[in-house]
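Asker: no sequence on this one, just coordinates:
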């Protein structure tokens, strides 16, 4: 995986390491036929929760990677530990997860590519910074963005056999080009 | 059974189902675009339109059917009329003219002028006597000249006649069509109306049940007093048809359409092996943790009522797909132990999720059962609303002819080998995956309180058709309301009602997300509030701290 020299990563190479672990979880999701989104929760420089999207297997559309990782973390840590925990996730958290992370009082969120359909930390809404009964949290996007997008593209050229009406995608080719550095993720999630 | 007796004794809430407006409706973003107006010979009107439409293709994503394409001089908004008259070269006296709108995407001006030149009024072949002002001077008829007047036009259709009239008077003549699909800004009125009509008869019952479930959650000490009820409108429709035909009260069997209920369980989870809040305060209800909002002991949104109800439907389906022998991924044990940790189901929760199908139990307490069970679900009937979230750009009346869901196999086939061969008419309330069941597609969810932002989005991701909660259950942290509660209209206003409205003043600071229907999001649902009759609103939970429902 190429090191991007992203400002955040450059400042602290641990960010790159943790995002790579999140990407590996995304890869695992892809192998399991799930929308390839992966994440890790990092508490005191240690991975305390791993998550990947689990909506197809669980038949529950709300089982996103973030919730899976939090559930794993809470096996060994109290909820209050999330206040000193950072999330690394390959795709910007959706509105649901952005709100959940706020309720859980996550310390900060690092993500790969933006989510312009469901994003809750800048993509569509900005729940992380909106005033609410829980404090705001900082968000840093664009870490290994292209790798995160490629994961999604590899997923979306497949047909979704689980959907009620699978769309034929026989003639699709995997697009490996990036027109510019700020390219957004594919438009369907 | 105790639960059954409680259900029979439930009194429906009295009140009205009111659609929650979208944020775009409550705070219409008036977008204006640049356009041109040109005066042309009225005789060439149709040719002008043809020429423009051929030369400059329209942007299909920008429907401008609310704008009139032509306006007679007397129809021009006064400011535009004045501007045109101050700039225009007076016309040949006897030419009857009309003004055409050239709307975005705007072509190059030179091209446009060249295109329109043949239709300029001065080239009129056969002048007609009319009320054209007498003072018009004679200009050279051989020099066709078209004047383009820049104007601003409203890009989106008007929401009401007032807005249409205002624009007509100030910008350009605009048509208000109440039946026009307002694109993705608001649900199509006919879709909204149809859903509202299907929800109205039994909403009071389901919300009453949601409150009962909430009460149970609170009494158990497992959670806050919040409840959720998932209902299948397709089953409701069958009940209505069957009972109506038999002359019964179509609301008597309201509970037959309930697929699952769930209460809040935020205090039930043990974290890091420590006792849960419910265990710490065993036997105490309501749980002392609910007196304040302390994030550290709030469990998490996956333990909120709506999320739990969604998970119960998923859980039921996982269990039944296993029974159906659906192989592969569903049966593999997950290394991540990702299954949501759930407390023991409450009496209500297990009753509704696992109650026997009608016909399989002898002691049905409600006699009005038509010969052919109303619950025989015809799976090949598509839900009329099922097109709702598939593609917001399609006209709903059109897509109704093409139901997006494939017809699942008839339920009777599946039941033939089930444990109850005598009741081949019955079908499980929740459709399994092999029967085409997918998330909470086409279902309605009734809640005792306005769901938090997280649950509101969870509701969308679960593809619900509609979400309904009592106005009294609004919460500052909610994700669905789109505007503060305003008092009733003045002529209905009673002194008590006024006090009512002011009780909500504290909510003005909150964010109004109207998440059920946002044009920005990929999925949308219909949102309704239930406004209770009388002064019930006064009894709102004043002592309750703000929390996430």
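Answerer: Ah, there it is. None of these values were measured; they are calculated from a predicted model.
Asker: how about residue A:158: what's its closest non-neighbour residue?
Answerer: Using Cβ to Cβ, 6 or more residues apart in numbering or on different chains and skipping the chain neighbours, the partner closest in space to residue A:158 is residue A:169 (7.0 Å). Placement of C-beta: from N, CA and C, glycine included.
Asker: what about the one you found, how many residues nearby?
Answerer: Other residues near residue A:169 come to 11 when the count uses other Cβ atoms under 10 Å in any protein chain shown.
Asker: so it belongs to a helix, correct?
Answerer: No - checked against DSSP: H, G, I helix; E, B strand; the rest coil, residue A:169 lies outside a helix; its state is coil.
Asker: I'd assumed residue A:153 was in contact with it.
Answerer: No - under the criterion of Cβ atoms under 8 Å, residue A:169 makes no contact with residue A:153, lying 11.7 Å away.
Asker: what's around residue B:273, how many residues?
Answerer: 8.
Asker: then residue B:5?
Answerer: 9.
Asker: centre of the chain versus the host helix or strand of it, how much separation?
Answerer: Assigned by DSSP states H and E, residue B:5 belongs to helix B:2-9. Helix B:2-9 sits 32 Å away from the centroid of its parent chain (Cα atoms, centre = their mean, to the nearest Å).
Asker: and if you look at stretch B:285-296?
Answerer: Per Cα atoms, centre = their mean, the centroid offset for stretch B:285-296 relative to its chain is 33 Å.
Asker: list the contacts of it.
Answerer: The contact list for stretch B:285-296 (Cβ atoms under 8 Å, 6 or more residues apart in numbering or on different chains) reads A:78-80, A:103-105, A:133-134, B:218-225, B:267, B:277-278, B:281, B:297-298, B:545-547.
Asker: in helices, which of those residues appear?
Answerer: Per DSSP state H, helices hold the following members of the contacts of stretch B:285-296: A:103, B:218, B:219, B:220, B:277, B:278.
Asker: does any part of the longest helix anywhere in chain A sit near chain B?
Answerer: Longest helix in chain A by number of residues (criterion: DSSP H): helix A:13-31. No - between helix A:13-31 and chain B, judged by Cβ under 8 Å from any Cβ of the partner chain, nothing touches; the nearest distance is 9.1 Å.
Asker: after that helix, next one along is what?
Answerer: Going down the chain from helix A:13-31, the next helix or strand is strand A:38-43, by DSSP H and E.
Asker: sheet partners, orientation included, of that next one?
Answerer: strand A:46-52 (antiparallel), strand A:85-91 (antiparallel) (DSSP bridges).
Asker: what about the ones you listed, which gets the closest to residue A:16?
Answerer: Closest to residue A:16 of the strands paired with strand A:38-43, according to Cβ to Cβ: strand A:85-91, at 9.8 Å.
Asker: run the angle between that closest one and helix A:13-31 for me.
Answerer: Angle, strand A:85-91 to helix A:13-31, by axes from the mean of the first three to the mean of the last three Cα atoms, to 10 degrees: 50 degrees.
Asker: which residues sit against strand A:85-91?
Answerer: A:15, A:18-19, A:21-23, A:25-26, A:36-43, A:48, A:65-66, A:69, A:73, A:93, A:101, A:106-113, A:115, A:143-144, A:147-148, A:151-152, A:185.
Asker: may I see the buried residues of that strand?
Answerer: Neighbour-count burial for strand A:85-91 flags A:85, A:86, A:87, A:88, A:89, A:90, A:91 (criterion: 16 or more other Cβ atoms under 10 Å in any protein chain shown).
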